[in-house]
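*Asks:* Predicted model follows, preceded by the sequence.
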Amino acid sequence: MSLFRRYSQAGGAIHDLEHLAGLSADRTIPLLVSPKVLYLLQNFAGQDVAFECRWAVERQERGYLRLTSDDAEYPDFLELVHDVGVQTSERAAGMGTLLNYREAQFVQTGENNASAGSNFLTIQGPGADEAWILEHVTLTNVTSSGVSAALYIVSGSNVQQVCPLTNITPSTSLIVSGPISLSEDFAIQAGFFNCQAGDDLVFQATGYIMDRPA
């Protein structure tokens, strides 16, 4: 049986499916709030969104026509409950993320026959619609000892050294822990110094990609 809820008796939020049908589902709004506020919003959303009594299929003069499991909109309700759970989760794909999380990321480049002396490897950064959050960057010389390495962030002619020059051996790597945030036109670059001719070099980065509004 369909039921009405009067405005004065709502006792909380009413989710109007008719209104929601006209809203975009694209995840394009960065939510810039403190961790405390985000924690509260997650709790409120998780508790509130699953209550069927708060969902309405139509606004009428006396209030809202309440959703029931027999309504054609019921699958929309289930989908939205799932989406809210995913998008407000503080852990996505096994890591703490923001609400615009897109996917986990692993990128790698290398040189299997390096020149003697200095060698530089570059990983190009994100496109215009995304940002990268790098959690770990690793620089490895698989072959030789007595090599030093450093990590840089590059944008055009601007080069910023992220860490001091560090000695590495085939059994050790230079590991830089983030977060390192990259936006469009930025790249990360690995510098390997005192290499021997023919050295094998590996440059890796792991983290995740965030959607960024155009």
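*Replies:* Structure's in. What do you need? The shown structure was predicted, so the numbers you read here are calculated from the model rather than taken from an experiment. Numbering: from 1, shown residues only.
*Asks:* For A190, the count of nearby residues, please.
*Replies:* 27 (other C-beta atoms under 10 Å). C-beta here means a position set from N, CA and C on the backbone, and glycine is covered the same way.
*Asks:* In the chain, where is pLDDT below threshold?
*Replies:* For the chain, residues meeting the criterion pLDDT under 70 lie at 1-12, 27-33, 35, 60-62, 86-100, 212-214.
*Asks:* which residues of it fall in helices?
*Replies:* With helices called from DSSP state H, the chain shows them at 17-20, 35-48, 74-87.
*Asks:* Does anything pack onto the second one? Which helices or strands?
*Replies:* Spelled out, that is helix 35-48. Helices and strands touching helix 35-48, as assessed by 3 or more C-beta pairs under 8 Å, 6 or more residues apart in numbering; DSSP states H and E, comprise helix 74-87.
*Asks:* Just confirm V137 contacts A205, I think it does.
*Replies:* Yes. In this structure V137 lies within contact range of A205 using C-beta atoms under 8 Å: 4.7 Å.
*Asks:* contacting residues for L78?
*Replies:* Contact criterion C-beta atoms under 8 Å, 6 or more residues apart in numbering gives no residues in contact with L78.
*Asks:* same check, this time on the one 3 residues further on
*Replies:* With C-beta under 8 Å, 6+ apart as the criterion, the residues that contact V81 are V49, A50.
*Asks:* Walk me through the domains of the protein.
*Replies:* With automatic domain parsing serving as the domain definition, the record reports that the chain contains domains spanning 4-89, 101-211.
*Asks:* Now the terminal residues of the last one, how far apart.
*Replies:* I take that to be domain 101-211. For domain 101-211, the separation between the terminal residues is 6 Å (C-alpha to C-alpha, to the nearest Å).
*Asks:* And the helices of the chain: which comes nearest L174?
*Replies:* Across those, L174 has its closest neighbour in helix 35-48 (30.8 Å, C-beta to C-beta).
*Asks:* Quickly list what the nearest residue to P179 once chain neighbours are set aside is bridged to.
*Replies:* For P179, the nearest residue in space outside its immediate sequence neighbours is I133; the separation is 5.1 Å by C-beta to C-beta, 6 or more residues apart in numbering. When bridges are taken as DSSP bridges, the partners of I133 come out as S181, Y208.
*Asks:* Appreciated, that's everything.
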